[in-house]
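K.L.:
return a 3D structure for these sequence lines:
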Amino acid sequence: MRKFETSAKIRKMKKILPIIIFFTLAFSGCALSPNLSEVWTDFTKGDNPSYSKGQIIDDLEFMFNTFEDVHPNIYYYKPEKEIDRFKNEIIESFPDTISRLDFYKSLSLIVAQIGDAHTYTTYPKELKYYKSKKGLLLPIAVRMSDEQLLIKADYSNNEAIDIGDELIGINGITADSLFKEIKMRKSGSEIWREYSAAKHFASWAWILGVREPYMVDIVKEISGDTISIHLIGKDEKILSKERKTKKNKTPNYSYKHLKSNIGYIDFRLMRNQNDESFNSFLKKTFYSIKENPIDGLIIDMRKNGGGDSRMGNSLIGFIYARPYKYAGRSEWKSSEQFRSYLKKLFLPKWIRWLPIQLFHPIGWKIWYTQKDQLVNMGSNEVYKPKSNVNRYSGPVYFLIGNNTFSSAMNTVDIIKANKIATLIGEETGGTPNGFGNIYFFTLPNTKLIVGVSASLFTSANGDETWKGGVLPDIELKQDPDDLKKGIDTVLEFTKELIKKNETLRK
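P.N.:
You can find the predicted model right below:
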């Protein structure tokens with residue numbers, strides 16, 4: 001290994017520059033937060049330029065070369081021949097010239113074939129420009145349930161629309177066919193693709209040509225009648241504000257002492273709240289449980305999309321005293337592109353000359369491992385909880401589901417691998433064996449931005465062959481009839497289990 005002579009200044013810088021640069025990476029659940037301001041190109045107009053077929057092919061070649069350089073195993077989900085065949089079929093369909101937006105639609109189809117949720121295309125500049133000019137987007141949010149596209153939120157405030165109504169058409173296009181087109185352009189597990197297609201439905205509808213005015217066809221949930229409604233679109237700033245207003249009504253985490261003498265933690269997001277940190281919340285909650293004993297504890301993570309993985313360890317420390325296996329393998333691909341990106345991501349331009357590899361042993365590993373080799377960042381790590389006077393030792397149940405992703409999925413993977421508690425619900429949307437830590441790059445001709453995973457993560461249970469999500473110990477779905485009555489099927493079932501004192505906890 002090559003050695004560097006460090007001056008007194010460098011040694012001093014070691015103390016004051018953020019060592020968390022690499023700690024943050026090493027313990028992040030899935031991906032780096034992209035600093036896209038430096039990746040975006042200069043052009044600010046909303047024009048939709050065209051490119052020759054040769055330029056498009058050059059961009060695709062550049063993209064796949066970068067994928068192979070940076071990704072730990074780009075053909076993990078699908079064989080190279082299958083992806084090449086799909087790509088070549090699309091290339092053959094290209095005309096002599098193609099607009100950037102039309103190429104983007106095809107590019108997203110090709111990238112989705114990789115199958116990695118953290119290898120994807122970012123939105124095209126045309127959509128960004130449209131939104132910046134107060135372009136009007138579809139003012140509803142949707143969710144998929146039992147192959148029906150249901151209204152999840154109505155930002156148009158149209159009195160004819162009720163939450164739970166089924167969306168069956170927009171501007172003469174069937175909602176089902178539109179949803180399938182969007183889902184085809186999403187990468188990752190089946191659960192994630194469906195979730196992501198629903199979450200970004202309005203933006204993708206615009207990309208695929210569905211524009212204002214919006215004439216929507218809806219089947220009323222109660223009467224079953226089909227109605228057509230003209231919806232006035234809303235610009236992104238207003239939609240974003242209304243989404244945040246509705247989100248802010250629900251805290252990231254909360255605790256209730258239910259009437260049946262059961263504790264219930266609704267853990268929706270792994271981020272601190274403005275009024276109370278998660279650690280403060282845990283201390284207060286488990287002190288309350290100690291002073292007011294309960295028969296069992298339910299921790300609901302069905303709607304938790306992830307965040308700070310350290311919160312998972314903090315939570316486990318209040319319900320489990322023994323050392324537990326924290327993770328399987330964590331490996332990063334040592335590539336020139338990713339090294340350069342790390343510097344751009346964390347250091348201002350004026351200090352990028354600094355050899356940040358000197359500031360932490362992890363840096364030495366990445367910089368001085370042979371190019372294209374995998375760097376072992378840790379394997380079979382064991383975490384020992386600190387002593388805790390407020391630790392709860394009774395039965396614990398975690399509720400999980402299709403919307404359990406990222407760091408939340410990592411937490412329940414640990415729970416299951418170490419048999420810390422019983423998992424009830426549905427398979428998680430996130431997968432314990434997968435890829436993350438995204439490297440963003442720009443295609444040379446069209447200037448579209450693509451992200452590719454640079455790291456490999458494996459399950460805490462040691463099974464590296466499983467490609468699905470974390471499976472529950474007891475599989476149970478929400479009953480549609482219960483939903484209409486306002487009954488949470490999974491929660492009520494779990495409450496009954498606690499009464500019977502049935503658990504898989506050690």
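
K.L.:
where's Ser132 relative to Leu239, distance?
P.N.:
For Ser132, the distance to Leu239 equals 13 Å [C-beta to C-beta, to the nearest Å]. Every C-beta, even on glycine, is put in place using the N, C-alpha and C of the backbone.

K.L.:
of the two, who's got more company?
P.N.:
Each of Ser132 and Leu239 has its neighbours counted (other C-beta atoms under 10 Å); Leu239 has more, 22 against 13.

K.L.:
what's around the closest residue to Thr458 other than its chain neighbours, how many residues?
P.N.:
Among residues not flanking Thr458 along the chain, Gly328 sits closest, at 3.4 Å (C-beta to C-beta, 6 or more residues apart in numbering). Residues near Gly328, counting by other C-beta under 10 Å, number 22.

K.L.:
likewise for Arg329?
P.N.:
18.

K.L.:
what's the distance between it and Thr494?
P.N.:
Taking C-beta to C-beta, one finds Arg329 at 33 Å from Thr494.

K.L.:
confidence score at Thr44?
P.N.:
According to the prediction, Thr44 has pLDDT 41.

K.L.:
for the one 5 residues further on, same thing?
P.N.:
The confidence metric pLDDT takes the value 92 at Pro49.

K.L.:
Val375 now?
P.N.:
On the pLDDT scale, Val375 gets 76.

K.L.:
just the buried residues of the helix or strand it falls within, please?
P.N.:
Taking DSSP states H and E as the definition, one finds Val375 inside strand 374-379. By neighbour count with 16 or more other C-beta atoms under 10 Å, strand 374-379 contains the buried residues Val375, Met377.

K.L.:
same for the biggest helix by length in the chain, what does it pack against?
P.N.:
Ordering each helix of the chain by length in residues (DSSP state H) puts helix 53-70 first. With contacts defined as 3 or more C-beta pairs under 8 Å, 6 or more residues apart in numbering; DSSP states H and E, helix 53-70 has these neighbours: helix 80-93, strand 97-99, helix 100-112, helix 336-346, strand 449-457.

K.L.:
how far does that helix sit from the chain's center?
P.N.:
Computed by C-alpha atoms, centre = their mean, to the nearest Å, the chain-centroid distance of helix 53-70 equals 25 Å.

K.L.:
any idea of the mean pLDDT for that helix?
P.N.:
97.

K.L.:
same question for stretch 76-92.
P.N.:
96.

K.L.:
what sits up against that stretch?
P.N.:
The contact list for stretch 76-92 (C-beta atoms under 8 Å, 6 or more residues apart in numbering) reads 53, 56-57, 60, 64, 75, 106, 109-110, 113-116, 435, 467.

K.L.:
ok, now with 7 Å
P.N.:
For stretch 76-92, the surrounding residues in contact (C-beta atoms under 7 Å, 6 or more residues apart in numbering) are Ile57, Leu60, Tyr75, Ser106, Leu109, Ile110, Gln113, Ile114, Gly115, Asp116.

K.L.:
weed out the non-buried ones from these.
P.N.:
Leu60, Tyr75, Ser106, Leu109, Ile110, Gln113, Ile114, Gly115, Asp116.
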